[in-house]
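Trainee: Take this sequence and fold it.
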Amino acid sequence: MPTNSNHISRATRRRTIVLLTLICFAGAACTAAVAAGTHRAAQGQAAAGGGYNWPIKPFDQPHPVRGAFGDPRTSFNGPPTQAGLNSKGIFAYHFGVDISAPDGTAVYPIRSGIVHMRSGETVVVTSDDGDAFEYWHVVPSVREGQRVTAFETVLGRVRYGHVHLTELVHGRQVNPLAPGHLTPYVDRTTPRVDSALYLGARNGRELLPEFLRGRVQLAVAASDDTSMPVPDRWNGLPVVPARLTWRIERAKDGKVAVPEREAFDVREHLPKQAFWQTFVRGTRQNMANFAGHKMWRQPGVYLFRLDGSFDTRQLKDDIYVLVATATDTRGNTGTGRFIFTIHNKPGFFSK
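Mentor: Below is the predicted model:
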């Protein structure tokens, strides 16, 4: 028969077991909280070191980017015709990257800071060092002046199938896909230089490469694939390369006649020159706008101006090769080689 002292001993042991179990659960929860906090802190430290993760989950995995830094943004007043391509409109460089995500996806700040509401669909977060990130095309869930925490506070939710991210360093727009910025980011695609274009320097009329004389405009069509497949109607549409250089060689022996020159470079910042000094007419964005109508699924055309008034008379009459090289932010390159003939002597053919 159990005694009263034995009963008390068993009760004490049960209470001790329950207490220890509760302590274990509390310790596990505390450990998980510390781990989560440590992970967020590590992300914050990575951002402070110059790199930062993505503003949508999963933060530490790359996402499709459907619009690149420096892409042309074109809205023509005229119809989708050759005349419409020469019409007035709104033309600008894309000053950020468009990260593809389903509507309703939560968007988080990639650095902690103070919220400024630029518009009904744009949230700006300025960090303590004065630099800022802009999150466009979101339905906001924060208010003006609110302090937000990196990778914790939901800034809003995606609309229009993407969030546009702009990075501002000392007030200047910076390419988020430059090394040391948005990470992880992997790009193994090869940019392309598809064709060359020769235009009259005065009237812009297209010239045949078989017969160039006097001053001409030199241009090339170049593009790049997105680093990851983009879903839905944006799949397969091109972006601009990050850099474009060119030179001229003599066809018969490869001797350099015009040393390498740079026509376009958005590896870090946008071009300083006006839009139509970088591109030639015929350039339009993916799904370009004409007279208020979007041309769904139509790929963009990117015609880069190499030289707006190249004097062929600086070279001897001969056959030459225009060599243009496109490069992305990760150093992948693609080169196009295009033969043309300079003939400045009177008549059409040399005797």
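
Trainee: care to break this structure down by domain?
Mentor: 1-49, 65-174, 192-342 (automatic domain parsing).

Trainee: Any chance of those domains in a markdown table with mean pLDDT, mean neighbour count and distance to residue 180 as columns?
Mentor: Every residue, glycine included, has its C-beta placed from N, CA and C. Output for the domains of the chain, formatted as a markdown table (pLDDT from 0 to 100; neighbours: other CB atoms under 10 Å; distance: least, CB to CB, whole Å):
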| stretch | mean pLDDT | mean neighbour count | distance to residue 180 |
| --- | --- | --- | --- |
| domain 1-49 | 42 | 11 | 8 |
| domain 65-174 | 97 | 18 | 10 |
| domain 192-342 | 97 | 17 | 10 |
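
Trainee: now these in TSV, with distance to residue 181?
Mentor: Formatted as TSV, the entries for the domains of the chain read as follows, by distance: least, CB to CB, whole Å:
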stretch	distance to residue 181
domain 1-49	10
domain 65-174	7
domain 192-342	9
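
Trainee: Of those, which is nearest residue 183?
Mentor: Checking the domains of the chain against residue 183 by CB to CB gives domain 1-49 as the closest, at 7.6 Å.

Trainee: didn't residue 106 look like it was pressed against residue 153?
Mentor: No: judged on CB atoms under 8 Å, residue 106 makes no contact with residue 153 at a distance of 9.9 Å.

Trainee: For the residue most central in space within the chain, give me its contacts.
Mentor: A centroid search over the chain (CA atoms, centre = their mean) returns residue 68, at 2.4 Å, as the residue closest to the centre. If you count contacts by CB atoms under 8 Å, 6 or more residues apart in numbering, residue 68 has them with 94, 97, 177, 224, 226, 239-240, 242.

Trainee: Please apply the same query to residue 148.
Mentor: Listed by CB under 8 Å, 6+ apart, the contact partners of residue 148 are 109, 112-115, 125, 142, 155.

Trainee: Return the member of those residues nearest to residue 207.
Mentor: Nearest to residue 207 among the contacts of residue 148 is residue 125, at 50.3 Å by CB to CB.

Trainee: Next, find the distance separating the closest one from residue 199.
Mentor: For residue 125, the distance to residue 199 equals 44 Å [CB to CB, to the nearest Å].

Trainee: who does whatever helix or strand residue 163 lives in touch, helix- and strand-wise?
Mentor: Element membership for residue 163, per DSSP states H and E: strand 162-169. With contacts taken as 3 or more CB pairs under 8 Å, 6 or more residues apart in numbering; DSSP states H and E, strand 162-169 sits against strand 65-67, strand 97-100, strand 132-136, strand 172-174.

Trainee: between that strand and strand 132-136, how many degrees?
Mentor: Strand 162-169 and strand 132-136 are oriented at 160 degrees to each other (axes from the mean of the first three to the mean of the last three CA atoms, to 10 degrees).

Trainee: Helices along the stretch 51-200 of the chain, start to end?
Mentor: Secondary structure of the stretch 51-200 of the chain (DSSP state H, counting those that start in this stretch): helices located at 82-85.

Trainee: Could you dump the helices and strands packed on strand 162-169 into a markdown table with distance to residue 206 added?
Mentor: Shown next, in a markdown table, are these (distance: least, CB to CB, whole Å):
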| stretch | distance to residue 206 |
| --- | --- |
| strand 65-67 | 29 |
| strand 97-100 | 32 |
| strand 132-136 | 37 |
| strand 172-174 | 34 |
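
Trainee: Out of those, the one nearest residue 302 is which?
Mentor: Smallest distance to residue 302 across the helices and strands packed on strand 162-169 (CB to CB): 12.8 Å, for strand 65-67.

Trainee: Now do that closest one: distance to the chain's middle.
Mentor: Chain-centre distance of strand 65-67: 6 Å, with CA atoms, centre = their mean, to the nearest Å.

Trainee: do stretch 193-205 as well
Mentor: What separates the centre of stretch 193-205 from the centre of its chain is 27 Å, taken as CA atoms, centre = their mean.
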